[in-house]
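Student: Model the structure of this input:
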Amino acid sequence: MNRFDFDALRRWPDVEADNLFAVDATDRLLLDEARPALAAAAPGDVAVVGDRYGALTLGPAALFGATGVRVHQDPLSGELALAANARSAGLAGSYRSLGLDRELVAGARVVLLQLPRSLAALEETAALIARYANPEVVVFAGGRVKHMTTAMSEVLRRHFGQVNASLARQKSRVLRAEGAVADEASTDAWPRREFHADLGLWVCAHGAAFAGTSVDIGTRFLLEFLPRMKADAASAIDLGCGTGVLAAALAVSRPALTVVATDQSAAAVASARATMEANGVADRVEAVRDDALGSRPDASAELVVLNPPFHIGASVHAGIALKLFEDAARVLEPGGELWTVWNSHLGYRPALSRIVGPTEQVGRNAKFTVTVSTRQ
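Tutor: All right, here's what the predicted structure looks like:
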(Lines give C-alpha, C1' and ligand atoms only; values in the text may rest on other atoms or scores of the structure.)
Protein backbone atom coordinates (compact mmCIF):
# COMPACT_ATOMS: atom_id res chain seq x y z
CA MET A 1 0.00 0.00 0.00
CA ASN A 2 1.29 3.47 -0.88
CA ARG A 3 1.58 6.41 1.51
CA PHE A 4 -0.44 9.64 1.44
CA ASP A 5 0.11 12.77 3.52
CA PHE A 6 -3.39 13.54 4.80
CA ASP A 7 -2.03 16.39 6.90
CA ALA A 8 -1.06 18.23 3.72
CA LEU A 9 -4.72 18.62 2.74
CA ARG A 10 -6.10 22.16 3.00
CA ARG A 11 -9.62 23.57 3.37
CA TRP A 12 -8.97 26.52 1.01
CA PRO A 13 -11.01 28.27 -0.39
CA ASP A 14 -13.19 27.44 2.59
CA VAL A 15 -12.53 29.23 5.87
CA GLU A 16 -9.23 28.19 7.45
CA ALA A 17 -8.43 28.50 11.17
CA ASP A 18 -6.46 26.73 13.86
CA ASN A 19 -9.54 24.88 15.10
CA LEU A 20 -10.80 23.86 11.62
CA PHE A 21 -9.31 20.80 9.91
CA ALA A 22 -9.32 19.34 6.41
CA VAL A 23 -9.25 15.71 7.57
CA ASP A 24 -10.63 14.00 10.66
CA ALA A 25 -10.74 10.62 12.40
CA THR A 26 -13.85 9.59 10.47
CA ASP A 27 -12.05 9.96 7.15
CA ARG A 28 -9.22 7.76 8.37
CA LEU A 29 -11.53 5.13 9.88
CA LEU A 30 -13.64 4.94 6.71
CA LEU A 31 -10.57 4.24 4.60
CA ASP A 32 -9.37 1.62 7.05
CA GLU A 33 -12.74 -0.16 7.23
CA ALA A 34 -13.09 -0.13 3.43
CA ARG A 35 -9.47 -1.20 2.81
CA PRO A 36 -10.18 -4.73 1.43
CA ALA A 37 -12.98 -3.45 -0.80
CA LEU A 38 -10.89 -0.56 -2.08
CA ALA A 39 -7.89 -2.79 -2.75
CA ALA A 40 -10.07 -5.09 -4.86
CA ALA A 41 -11.92 -2.32 -6.72
CA ALA A 42 -11.77 -2.16 -10.50
CA PRO A 43 -11.66 1.17 -12.38
CA GLY A 44 -14.91 3.06 -11.86
CA ASP A 45 -16.04 0.91 -8.93
CA VAL A 46 -15.65 3.59 -6.25
CA ALA A 47 -18.08 6.42 -5.52
CA VAL A 48 -17.78 8.97 -2.72
CA VAL A 49 -20.55 11.07 -1.19
CA GLY A 50 -19.95 13.90 1.25
CA ASP A 51 -16.15 14.11 1.09
CA ARG A 52 -15.23 17.34 2.80
CA TYR A 53 -11.88 18.38 1.34
CA GLY A 54 -10.52 15.38 -0.51
CA ALA A 55 -9.43 12.72 1.98
CA LEU A 56 -12.04 10.16 0.87
CA THR A 57 -11.52 10.82 -2.84
CA LEU A 58 -7.76 11.17 -3.01
CA GLY A 59 -7.08 8.53 -0.34
CA PRO A 60 -8.35 5.61 -2.45
CA ALA A 61 -6.43 6.92 -5.47
CA ALA A 62 -3.15 7.41 -3.61
CA LEU A 63 -3.29 4.41 -1.27
CA PHE A 64 -4.97 1.76 -3.42
CA GLY A 65 -4.52 2.98 -6.99
CA ALA A 66 -8.25 3.55 -7.49
CA THR A 67 -9.11 5.17 -10.81
CA GLY A 68 -12.31 6.70 -12.15
CA VAL A 69 -13.46 7.66 -8.64
CA ARG A 70 -16.78 9.52 -8.75
CA VAL A 71 -17.52 12.06 -6.04
CA HIS A 72 -20.35 14.32 -4.96
CA GLN A 73 -19.77 17.18 -2.53
CA ASP A 74 -22.72 19.37 -1.69
CA PRO A 75 -20.70 22.54 -0.86
CA LEU A 76 -18.91 24.17 -3.76
CA SER A 77 -16.09 25.15 -1.41
CA GLY A 78 -15.41 21.45 -0.78
CA GLU A 79 -15.36 20.76 -4.50
CA LEU A 80 -12.88 23.59 -5.08
CA ALA A 81 -10.72 22.44 -2.15
CA LEU A 82 -10.67 18.88 -3.52
CA ALA A 83 -9.51 20.20 -6.90
CA ALA A 84 -6.73 22.26 -5.28
CA ASN A 85 -5.62 19.35 -3.09
CA ALA A 86 -5.67 16.98 -6.06
CA ARG A 87 -3.41 19.30 -8.05
CA SER A 88 -0.99 19.56 -5.13
CA ALA A 89 -0.87 15.78 -4.76
CA GLY A 90 -0.54 15.09 -8.49
CA LEU A 91 -3.92 13.31 -8.54
CA ALA A 92 -6.01 15.70 -10.61
CA GLY A 93 -7.01 13.01 -13.11
CA SER A 94 -8.05 10.39 -10.59
CA TYR A 95 -11.67 11.46 -10.03
CA ARG A 96 -14.76 13.19 -11.46
CA SER A 97 -17.05 15.57 -9.56
CA LEU A 98 -20.74 14.85 -10.25
CA GLY A 99 -24.19 15.78 -9.03
CA LEU A 100 -26.20 13.64 -6.64
CA ASP A 101 -27.73 11.63 -9.46
CA ARG A 102 -27.69 8.31 -11.28
CA GLU A 103 -24.33 8.92 -12.99
CA LEU A 104 -22.65 9.29 -9.61
CA VAL A 105 -23.41 5.76 -8.41
CA ALA A 106 -24.40 3.74 -11.48
CA GLY A 107 -22.72 0.32 -11.23
CA ALA A 108 -20.61 1.34 -8.20
CA ARG A 109 -19.44 -1.52 -5.97
CA VAL A 110 -17.91 0.55 -3.16
CA VAL A 111 -19.43 3.76 -1.76
CA LEU A 112 -17.71 5.86 0.90
CA LEU A 113 -20.15 8.17 2.67
CA GLN A 114 -19.64 10.83 5.30
CA LEU A 115 -22.91 10.59 7.22
CA PRO A 116 -24.90 13.82 6.87
CA ARG A 117 -26.48 15.38 9.92
CA SER A 118 -29.85 15.40 8.14
CA LEU A 119 -31.83 12.16 7.99
CA ALA A 120 -33.55 13.47 4.87
CA ALA A 121 -30.18 13.83 3.14
CA LEU A 122 -29.26 10.29 4.15
CA GLU A 123 -32.64 9.00 2.91
CA GLU A 124 -32.21 10.58 -0.52
CA THR A 125 -28.63 9.35 -0.87
CA ALA A 126 -29.33 5.81 0.34
CA ALA A 127 -32.29 5.46 -2.01
CA LEU A 128 -30.17 6.62 -4.95
CA ILE A 129 -27.38 4.14 -4.19
CA ALA A 130 -29.77 1.23 -3.65
CA ARG A 131 -31.54 1.90 -6.95
CA TYR A 132 -28.59 2.53 -9.29
CA ALA A 133 -25.40 1.02 -7.83
CA ASN A 134 -24.29 -2.56 -8.47
CA PRO A 135 -26.61 -4.94 -6.56
CA GLU A 136 -23.53 -6.14 -4.65
CA VAL A 137 -22.53 -2.63 -3.59
CA VAL A 138 -21.12 -2.15 -0.10
CA VAL A 139 -21.65 1.23 1.55
CA PHE A 140 -19.26 2.44 4.25
CA ALA A 141 -20.98 5.29 6.07
CA GLY A 142 -18.96 7.04 8.76
CA GLY A 143 -19.51 9.74 11.32
CA ARG A 144 -18.58 11.12 14.70
CA VAL A 145 -20.19 9.01 17.42
CA LYS A 146 -21.74 12.06 19.12
CA HIS A 147 -23.60 12.91 15.92
CA MET A 148 -24.74 9.38 15.05
CA THR A 149 -28.21 8.13 15.99
CA THR A 150 -30.10 4.87 15.75
CA ALA A 151 -32.34 6.58 13.22
CA MET A 152 -29.44 6.63 10.76
CA SER A 153 -29.21 2.84 10.90
CA GLU A 154 -32.98 2.66 10.45
CA VAL A 155 -32.78 4.80 7.32
CA LEU A 156 -30.07 2.56 5.87
CA ARG A 157 -32.08 -0.57 6.70
CA ARG A 158 -34.96 0.71 4.59
CA HIS A 159 -32.67 0.48 1.57
CA PHE A 160 -30.19 -2.28 2.47
CA GLY A 161 -30.85 -5.73 3.86
CA GLN A 162 -27.88 -5.74 6.22
CA VAL A 163 -26.40 -2.90 8.31
CA ASN A 164 -23.57 -3.48 10.80
CA ALA A 165 -21.59 -1.04 12.93
CA SER A 166 -17.83 -1.04 13.42
CA LEU A 167 -16.13 -0.57 16.75
CA ALA A 168 -15.61 3.07 17.64
CA ARG A 169 -12.16 4.59 17.17
CA GLN A 170 -11.16 8.11 18.15
CA LYS A 171 -14.85 8.92 18.67
CA SER A 172 -15.81 7.85 15.15
CA ARG A 173 -17.73 4.82 13.87
CA VAL A 174 -18.61 3.29 10.50
CA LEU A 175 -21.86 1.66 9.41
CA ARG A 176 -21.48 -1.01 6.72
CA ALA A 177 -24.59 -1.47 4.55
CA GLU A 178 -25.11 -4.09 1.84
CA GLY A 179 -27.87 -6.08 0.17
CA ALA A 180 -29.41 -3.18 -1.77
CA VAL A 181 -33.21 -3.00 -1.95
CA ALA A 182 -34.09 -0.83 -4.96
CA ASP A 183 -37.23 1.31 -4.73
CA GLU A 184 -38.14 3.67 -7.59
CA ALA A 185 -40.68 5.54 -5.47
CA SER A 186 -38.00 6.48 -2.94
CA THR A 187 -35.85 8.26 -5.51
CA ASP A 188 -38.77 9.81 -7.40
CA ALA A 189 -40.01 11.49 -4.20
CA TRP A 190 -37.34 14.21 -4.40
CA PRO A 191 -37.52 17.13 -4.19
CA ARG A 192 -40.32 17.22 -1.65
CA ARG A 193 -42.71 20.19 -1.61
CA GLU A 194 -44.98 21.95 0.85
CA PHE A 195 -47.40 24.88 0.48
CA HIS A 196 -47.26 27.54 3.18
CA ALA A 197 -50.65 29.21 3.11
CA ASP A 198 -49.59 32.04 5.44
CA LEU A 199 -46.87 33.05 2.97
CA GLY A 200 -48.68 32.02 -0.21
CA LEU A 201 -45.57 30.11 -1.28
CA TRP A 202 -44.56 26.61 -2.27
CA VAL A 203 -41.23 25.47 -0.80
CA CYS A 204 -39.37 22.59 -2.45
CA ALA A 205 -36.41 20.80 -0.91
CA HIS A 206 -33.90 18.07 -1.57
CA GLY A 207 -32.69 16.11 1.42
CA ALA A 208 -29.55 18.14 2.17
CA ALA A 209 -31.25 21.55 1.93
CA PHE A 210 -31.31 23.46 5.22
CA ALA A 211 -34.73 23.45 6.94
CA GLY A 212 -36.25 21.16 4.29
CA THR A 213 -39.68 22.30 3.15
CA SER A 214 -40.24 24.33 6.31
CA VAL A 215 -39.38 28.03 6.60
CA ASP A 216 -36.88 28.74 9.37
CA ILE A 217 -37.83 31.40 11.90
CA GLY A 218 -35.04 33.78 10.94
CA THR A 219 -36.21 33.85 7.33
CA ARG A 220 -39.81 34.34 8.51
CA PHE A 221 -38.75 37.39 10.50
CA LEU A 222 -36.84 38.89 7.57
CA LEU A 223 -39.85 38.34 5.30
CA GLU A 224 -41.81 40.82 7.44
CA PHE A 225 -39.54 43.60 6.16
CA LEU A 226 -39.87 42.91 2.41
CA PRO A 227 -42.06 46.01 1.81
CA ARG A 228 -39.33 48.24 3.28
CA MET A 229 -36.47 46.93 1.16
CA LYS A 230 -35.08 49.28 -1.48
CA ALA A 231 -38.27 50.15 -3.35
CA ASP A 232 -36.57 51.31 -6.57
CA ALA A 233 -34.44 48.18 -7.02
CA ALA A 234 -34.84 46.48 -10.39
CA SER A 235 -32.77 43.48 -9.36
CA ALA A 236 -31.86 41.67 -6.16
CA ILE A 237 -29.66 38.87 -4.85
CA ASP A 238 -30.70 36.24 -2.30
CA LEU A 239 -27.27 35.38 -0.87
CA GLY A 240 -27.10 31.94 0.74
CA CYS A 241 -30.56 31.31 -0.66
CA GLY A 242 -31.20 27.82 0.74
CA THR A 243 -34.47 26.61 -0.73
CA GLY A 244 -35.08 30.06 -2.22
CA VAL A 245 -37.83 31.33 0.06
CA LEU A 246 -36.60 34.94 0.14
CA ALA A 247 -35.96 35.00 -3.61
CA ALA A 248 -39.39 33.59 -4.38
CA ALA A 249 -41.12 35.99 -1.98
CA LEU A 250 -39.34 38.98 -3.54
CA ALA A 251 -40.21 37.86 -7.06
CA VAL A 252 -43.86 37.16 -6.22
CA SER A 253 -44.34 40.46 -4.39
CA ARG A 254 -42.53 42.56 -7.04
CA PRO A 255 -43.49 41.42 -10.54
CA ALA A 256 -40.94 43.72 -12.22
CA LEU A 257 -38.00 42.49 -10.13
CA THR A 258 -35.35 40.05 -11.36
CA VAL A 259 -33.52 38.01 -8.73
CA VAL A 260 -30.37 35.91 -8.49
CA ALA A 261 -30.58 33.20 -5.83
CA THR A 262 -27.10 31.98 -4.97
CA ASP A 263 -25.81 29.30 -2.63
CA GLN A 264 -22.73 27.09 -2.49
CA SER A 265 -24.87 24.03 -1.70
CA ALA A 266 -25.82 21.91 -4.71
CA ALA A 267 -28.92 20.70 -2.85
CA ALA A 268 -29.94 24.27 -2.07
CA VAL A 269 -29.60 25.41 -5.67
CA ALA A 270 -31.57 22.42 -7.00
CA SER A 271 -34.22 23.07 -4.34
CA ALA A 272 -34.38 26.78 -5.17
CA ARG A 273 -34.88 26.04 -8.85
CA ALA A 274 -37.77 23.74 -7.98
CA THR A 275 -39.20 26.38 -5.62
CA MET A 276 -39.16 28.99 -8.40
CA GLU A 277 -40.88 26.60 -10.80
CA ALA A 278 -43.53 25.78 -8.23
CA ASN A 279 -44.25 29.48 -7.62
CA GLY A 280 -44.28 30.48 -11.29
CA VAL A 281 -41.29 32.84 -11.10
CA ALA A 282 -38.56 30.75 -12.73
CA ASP A 283 -38.44 33.23 -15.63
CA ARG A 284 -37.30 36.00 -13.25
CA VAL A 285 -35.19 34.13 -10.70
CA GLU A 286 -31.89 32.52 -11.63
CA ALA A 287 -30.53 30.00 -9.12
CA VAL A 288 -26.73 29.81 -9.19
CA ARG A 289 -24.21 27.65 -7.33
CA ASP A 290 -21.44 29.97 -6.26
CA ASP A 291 -18.79 30.41 -3.58
CA ALA A 292 -20.40 33.39 -1.83
CA LEU A 293 -20.72 35.90 -4.71
CA GLY A 294 -17.52 34.90 -6.46
CA SER A 295 -19.04 35.02 -9.96
CA ARG A 296 -20.74 38.41 -9.52
CA PRO A 297 -19.00 41.61 -10.69
CA ASP A 298 -18.14 44.48 -8.38
CA ALA A 299 -20.76 47.20 -7.74
CA SER A 300 -23.44 45.33 -9.68
CA ALA A 301 -26.23 44.78 -7.12
CA GLU A 302 -28.89 47.14 -5.81
CA LEU A 303 -30.32 44.89 -3.09
CA VAL A 304 -28.95 41.85 -1.27
CA VAL A 305 -30.89 39.81 1.32
CA LEU A 306 -29.06 37.45 3.65
CA ASN A 307 -29.81 34.98 6.43
CA PRO A 308 -26.23 33.84 7.13
CA PRO A 309 -25.28 30.51 8.67
CA PHE A 310 -23.24 30.60 11.84
CA HIS A 311 -21.92 27.03 11.69
CA ILE A 312 -19.09 25.60 9.61
CA GLY A 313 -19.85 21.90 9.71
CA ALA A 314 -20.33 21.13 13.40
CA SER A 315 -18.31 24.16 14.58
CA VAL A 316 -19.79 27.53 15.56
CA HIS A 317 -17.63 30.01 13.65
CA ALA A 318 -18.18 33.60 12.51
CA GLY A 319 -15.88 33.24 9.51
CA ILE A 320 -18.54 32.24 7.02
CA ALA A 321 -20.80 35.21 7.88
CA LEU A 322 -17.89 37.66 7.60
CA LYS A 323 -17.01 36.20 4.20
CA LEU A 324 -20.59 36.75 3.03
CA PHE A 325 -20.61 40.33 4.37
CA GLU A 326 -17.38 41.08 2.50
CA ASP A 327 -18.71 39.72 -0.78
CA ALA A 328 -21.99 41.60 -0.37
CA ALA A 329 -20.01 44.81 0.21
CA ARG A 330 -17.96 44.22 -2.93
CA VAL A 331 -20.99 43.48 -5.10
CA LEU A 332 -23.30 46.24 -3.84
CA GLU A 333 -23.33 49.45 -5.85
CA PRO A 334 -23.13 52.79 -3.98
CA GLY A 335 -26.47 53.28 -2.23
CA GLY A 336 -27.24 49.58 -2.44
CA GLU A 337 -28.75 47.84 0.56
CA LEU A 338 -27.87 44.65 2.43
CA TRP A 339 -30.73 43.33 4.57
CA THR A 340 -29.54 40.78 7.11
CA VAL A 341 -31.22 38.70 9.80
CA TRP A 342 -29.03 37.20 12.52
CA ASN A 343 -29.19 35.62 15.94
CA SER A 344 -28.99 38.62 18.25
CA HIS A 345 -26.32 37.12 20.50
CA LEU A 346 -23.88 37.10 17.59
CA GLY A 347 -23.68 40.92 17.57
CA TYR A 348 -22.93 41.34 13.87
CA ARG A 349 -23.82 45.05 13.66
CA PRO A 350 -20.28 46.43 14.20
CA ALA A 351 -18.91 44.05 11.57
CA LEU A 352 -21.63 45.02 9.11
CA SER A 353 -20.94 48.72 9.68
CA ARG A 354 -17.20 48.22 9.20
CA ILE A 355 -17.43 45.95 6.16
CA VAL A 356 -20.51 47.19 4.29
CA GLY A 357 -21.43 50.66 5.56
CA PRO A 358 -23.80 52.46 7.95
CA THR A 359 -26.01 49.81 9.54
CA GLU A 360 -29.41 50.43 11.11
CA GLN A 361 -31.33 48.00 13.30
CA VAL A 362 -34.83 47.85 11.86
CA GLY A 363 -36.27 44.94 13.82
CA ARG A 364 -35.62 42.76 16.84
CA ASN A 365 -37.58 39.98 18.52
CA ALA A 366 -36.76 37.49 21.27
CA LYS A 367 -34.13 35.75 19.14
CA PHE A 368 -33.29 37.66 15.98
CA THR A 369 -32.14 41.08 14.81
CA VAL A 370 -32.80 42.54 11.35
CA THR A 371 -30.48 45.23 10.01
CA VAL A 372 -30.12 47.22 6.81
CA SER A 373 -26.60 48.24 5.76
CA THR A 374 -26.14 50.87 3.05
CA ARG A 375 -23.10 50.80 0.79
CA GLN A 376 -21.35 54.18 0.63
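Student: contacts and neighbour counts: CA atoms only from here.
Tutor: OK.
Student: Spatially central residue in this structure, please.
Tutor: residue 265 (3.4 Å; Cα atoms, centre = their mean).
Student: Please name the bridge partners of it.
Tutor: residue 75 (DSSP bridges).
Student: check contacts around it.
Tutor: Neighbour list for residue 265: 74-76, 209, 242, 289 [criterion: Cα atoms under 8 Å, 6 or more residues apart in numbering].
Student: what pLDDT does it get?
Tutor: Looking at residue 265, its pLDDT reads 96.
Student: quick one on the thing from earlier: of all the contacts of residue 265, which comes closest to residue 346?
Tutor: Of all the contacts of residue 265, residue 346 sits closest to residue 242, with 20.6 Å by Cα to Cα.
Student: excluding its backbone neighbours, what's nearest that closest one?
Tutor: Closest residue to residue 242 apart from its sequence neighbours, by Cα to Cα, 6 or more residues apart in numbering: residue 268 at 4.7 Å.
Student: And the one helix or strand the one you found maps to, what's buried?
Tutor: Assigned by DSSP states H and E, residue 268 belongs to helix 266-278. Residues of helix 266-278 classed as buried by neighbour count (16 or more other Cα atoms under 10 Å): 266-278.
Student: circling back: for the residue nearest to residue 242, what are its contacts?
Tutor: Counted by Cα under 8 Å, 6+ apart, residue 268 has contacts 205-206, 208-210, 241-244.
Student: buried stuff in stretch 173-187?
Tutor: In stretch 173-187, counting by 16+ other Cα under 10 Å, buried: 173-182, 186-187.
Student: elements contacting the helix or strand containing residue 328?
Tutor: Per DSSP H and E: residue 328 is located in helix 319-331. Helices and strands touching helix 319-331, by 3 or more Cα pairs under 8 Å, 6 or more residues apart in numbering; DSSP states H and E, are helix 349-355.
Student: before we move on, back to that, so how far is residue 99 from the residue nearest to the centre of the chain?
Tutor: 11 Å (Cα to Cα, to the nearest Å).
Student: Skipping adjacent residues, who's closest to residue 169 in space?
Tutor: residue 29 (7.3 Å).
Student: rewinding a little: C-terminal to the helix holding residue 268, what's the next element?
Tutor: Downstream of helix 266-278, the first helix or strand assigned by DSSP H and E is strand 285-289.
Student: Note down every partner strand of that next one and its orientation.
Tutor: When DSSP bridges is applied, strand 285-289 pairs with strand 258-263 (parallel).
Student: Now the strand it pairs with: buried residues?
Tutor: 258-263.
Student: Export these to JSON lines and append columns for distance to residue 37.
Tutor: Compiled in JSON lines, the buried residues of strand 258-263 are given as follows (distance: Cα to Cα, whole Å):
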{"residue": "258", "distance to residue 37": "50"}
{"residue": "259", "distance to residue 37": "47"}
{"residue": "260", "distance to residue 37": "44"}
{"residue": "261", "distance to residue 37": "41"}
{"residue": "262", "distance to residue 37": "38"}
{"residue": "263", "distance to residue 37": "35"}
